[in-house]
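>>> I need the structure of the sequence given here:
(chains A and B)
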Amino acid sequence: MAVSINRQDNQPVYVLHTYPFKETSLVVELFSREFGRVAAVAKGARRPRSAMRGMLQAFQPLQATWSGKAELKNLHSMEWGSGLLLLQGEALMCGFYLNELLLRLLPREDAHDALFDYYNQTLCILARNDVAAGTTLRRFELRMLQEMGYAVPLTNDENAKPVIQNQLYHYIAEHGAVAADTHAGGANGVQLSGKTLLDMARDDYTDVQTQQQSKQLMRLLLAHYLGDKPLHTRQLLMDLQAL
Amino acid sequence: MRNPPALEQLVEALRCLPGVGPKSALRMAYHLLQRDRKGAGLLAQSLDQALQVVSHCNLCNNFSEHPICPLCASENRDKSLLCVVEMPSDLMMLEQTHSYQGMYFVLMGRLSPLDGIGPRDIHLDKLIKRAQDGYTEEVILATNYTVEGEATAHYVSELLRSRGLKVSRIARGLPMGGEIEHVDSGTLAQAMLERRSVR
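Take a look at the predicted model:
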C-alpha cells in the first residue's frame, strides 16, 4: 500500500536498476529496508557533473532521501552507506540475477526488512567470493520466496507426512512434495530425492546431487511465480556460453 | 481538429528520437514546417544520405563511410594494441588524449542483463574475430566503470583470454588534480583497494 508519510530521510537502500528518463534524468528502482521496492526520479542525474551520477550504481549500500505521495517519488539526495562492495566477474552476474528476481517478484512499497538484510548479507558473500555462487543463489531464492509469503514445504510432503530421506518425490508448485509412487508424474513437476528436500531445509548444499536437484526445484518454483516471461540474466548467460 | 495525415506521420516519425514525446515531436514538426523549411529539407536530405552511405567499419565496428575506416586504414597506428570501448564517443575521448596510438573496437553498447541487452547486441562475435587477426598482442578494455561496463569487461576478458590473448583493463582512481578531501567515497575506497606499489 502507498505510504502516507511524505518525506523519507537517509533510508538504507540498494539501487536495483536505473532507466533513462526524459533528457537528463533517471528513474531509479530502489530496494529500501523500511519501504521495500521504491521507484524515484533522480532529476538531472545524467548530467555530466551530477553529484548522484556515479553513485547510482547497483550493489552499493547507499542512503537515500526521497519524497512524494505518488508511486514515482522524487529522489533528493544519495549518500554512501557503510563500506564498498566489489562484485567481480561471475559474482557480478549473480548480483544482476538477484536484482532481476527482486524487480520481477517484489511488489512496490511492500516492506521486507528481513529480506533486505538477507540481500545485504548475500551481496557481501558474493563480494568475498568464498562460497560457491550456485549455493548462494539457491539460499537467496528460497529465502526470498519464504519472506514473500510463498510456502515452500521441505520437511513434510503434501499429506503432511514427514519427508523420508531415501524416498523419491515429485515436487509440484503450490502443492509440495508428492511421493513418486503415488503420483503418475507430469509436465509441471520436478523429480527429486527426499534427501535434497531435507538438505535444503537444513541449509546444507554440500552434496552434488542436492546442488543439482535444488537448482531444478528452485527453477520450477520461480518459473511458476514469474510467469511466462523468461529471466534476461539466465538468457544472457546461455548466449555467452554459446560464443 | 485533426492535423493533416502527413503532419501526423512526421510527428510519429520524430518520436523515434530518444527523449522525444508526443508534445516535443509536435513542436519540432511545427517548427520545421513553419519556421525552417530549408532546415527541414537539409535534415531530410542528410538523413537519407547518412542512411545510404554510413555503415560499420569491418575492423573496428565504428561508423564509417568505407568498409575500412580511415583510423583502421592508417599506417601510423600500432597494430599490436586493441582498445575496446562501448561507444564512438568514448573513442573520441580517448583520441583527444593523444596518449594512445593503437587500434580500437567499438562495441556500440554494453551488456545490460536487466535491459535484456546480451552478447548478440554488442557484436562480441565480431570482436573475437577481430582480436585474432594475428597482429593483436594486447587487448585493452576501456568500458565504463559502471556495473554494466564491468560485467562487459569481465565477459570480454574471459572470451579473449580463453583464446590465448593478453587482456588488460584501464586503471581507475583519483582524477587528475584530485584532492582526497573532495573526492567521493566510492572512488576513494576503490583507489585504496586497488593501490599499487611505488616503483
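>>> please look at B:Ile128 and B:Val84 and confirm they touch.
No. Using Cβ atoms under 8 Å, B:Ile128 is not in contact with B:Val84; the gap is 11.2 Å. Where C-beta positions appear, they are placed from N, C-alpha and C, glycine not excepted.
>>> count the residues that sit near the residue nearest to A:Gln60 when sequence neighbours are not counted.
Leaving out its chain neighbours, the residue that sits closest to A:Gln60 by Cβ to Cβ, 6 or more residues apart in numbering or on different chains is A:Leu85, at 6.2 Å. By the criterion of other Cβ atoms under 10 Å in any protein chain shown, A:Leu85 has 19 neighbours.
>>> can I assume A:Leu85 sits in a strand?
No. Counting by DSSP: H, G, I helix; E, B strand; the rest coil, one finds A:Leu85 to be coil, located in no strand.
>>> ok, it to A:Pro61 distance?
Going from A:Leu85 to A:Pro61 by Cβ to Cβ, to the nearest Å gives 7 Å.
>>> also A:Ser32?
12 Å.
>>> the more surrounded of these two?
For A:Ser32 versus A:Pro61, neighbours defined as other Cβ under 10 Å are more numerous around A:Ser32 (23 against 16).
>>> distance of the more buried one from A:Ala70?
16 Å.
>>> could you do A:Val28 as well?
Going from A:Val28 to A:Ala70 by Cβ to Cβ gives 15 Å.
>>> report pLDDT for A:Ser67.
For A:Ser67, the model assigns a pLDDT of 93.
>>> near the closest residue to A:Lys229 other than its chain neighbours, how many other residues are there?
Nearest non-adjacent residue to A:Lys229, counting by Cβ to Cβ, 6+ apart: A:Arg104, 7.8 Å away. By the criterion of other Cβ under 10 Å, A:Arg104 has 15 neighbours.
>>> need the contact list for A:Arg104.
With contacts defined as Cβ atoms under 8 Å, 6 or more residues apart in numbering or on different chains, A:Arg104 is in contact with A:226, A:229, A:231.
>>> tell me where chain B has helices.
B:5-14, B:22-30, B:37-53, B:70-73, B:88-96, B:124-131, B:147-161, B:185-193 (DSSP state H).
>>> can I get those helices in a markdown table with distance to chain A?
Listed next are the helices of chain B as a markdown table, based on distance: least, Cβ to the nearest Cβ, whole Å:
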| stretch | distance to chain A |
| --- | --- |
| helix B:5-14 | 15 |
| helix B:22-30 | 9 |
| helix B:37-53 | 20 |
| helix B:70-73 | 23 |
| helix B:88-96 | 12 |
| helix B:124-131 | 6 |
| helix B:147-161 | 5 |
| helix B:185-193 | 4 |
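>>> quick check: which of those is buried the most?
Most buried of the helices of chain B by mean neighbour count (mean count of other Cβ atoms under 10 Å in any protein chain shown) is helix B:147-161; its value is a mean of 21.
>>> tell me the mean pLDDT for that helix?
93.
>>> wait, does the longest strand seen in chain B contact chain A?
Counting residues, the longest strand found in chain B (DSSP state E) is strand B:78-85. No. For strand B:78-85, no contact with chain A is found by Cβ under 8 Å from any Cβ of the partner chain; the gap never falls below 14.9 Å.
>>> in PDB, list the C-alpha atoms belonging to that strand.
Extracted C-alpha coordinates of strand B:78-85, given in PDB (Å, rounded to 0.1, in the frame of the first residue of the first chain):
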ATOM      1  CA  ASP B  78      50.200   0.400 -33.500                       C
ATOM      2  CA  LYS B  79      48.500  -2.800 -34.700                       C
ATOM      3  CA  SER B  80      49.600  -4.800 -31.600                       C
ATOM      4  CA  LEU B  81      47.200  -2.900 -29.300                       C
ATOM      5  CA  LEU B  82      43.400  -3.200 -29.500                       C
ATOM      6  CA  CYS B  83      41.300  -0.900 -27.200                       C
ATOM      7  CA  VAL B  84      37.700  -2.000 -26.600                       C
ATOM      8  CA  VAL B  85      35.200   0.900 -25.900                       C
END
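>>> partners of it in the sheet?
Within its sheet, strand B:78-85 is paired with strand B:102-106 (parallel), strand B:138-142 (parallel), according to DSSP bridges.
>>> residues making contact with it?
Strand B:78-85 is contacted from outside by B:91, B:94, B:100-107, B:127, B:130-131, B:135-143, B:156, using Cβ under 8 Å, 6+ apart.
>>> centre of the chain to that strand, how far?
Mean-position distance between strand B:78-85 and its chain equals 15 Å (Cα atoms, centre = their mean, to the nearest Å).
>>> equivalent analysis for stretch B:106-124, please.
11 Å.
>>> run through who's touching it.
Contacts of stretch B:106-124 (Cβ under 8 Å, 6+ apart): A:16-17, A:93, A:96-97, A:99-100, A:103, A:232-233, A:235-236, A:239-240, A:243, B:56, B:60-62, B:84-88, B:90-91, B:125, B:127, B:143-144, B:146, B:148-149, B:151-152, B:155-156, B:159.
>>> how about 7 Å then?
With contacts defined as Cβ atoms under 7 Å, 6 or more residues apart in numbering or on different chains, stretch B:106-124 is touched by A:17, A:93, A:96, A:99-100, A:103, A:232-233, A:235-236, A:239-240, A:243, B:60-62, B:84-88, B:91, B:143-144, B:148-149, B:151-152, B:155-156, B:159.
>>> would you mark the buried spots in it?
The neighbour-count check on stretch B:106-124 (16 or more other Cβ atoms under 10 Å in any protein chain shown) flags B:106-114, B:117-119, B:121-124 as buried.
>>> quick check: the farthest pair among these?
The largest separation in those, counting by Cβ to Cβ, is between B:Val106 and B:Leu114 at 22.7 Å.
>>> what are the phi and psi values for the residue lying closest to A:Ala151 once chain neighbours are set aside?
The shortest distance from A:Ala151 to any non-neighbouring residue, by Cβ to Cβ, 6+ apart, is to A:Gly176 (7.9 Å). Backbone torsions of A:Gly176, given as degrees, to the nearest 10, read phi 110, psi -160.
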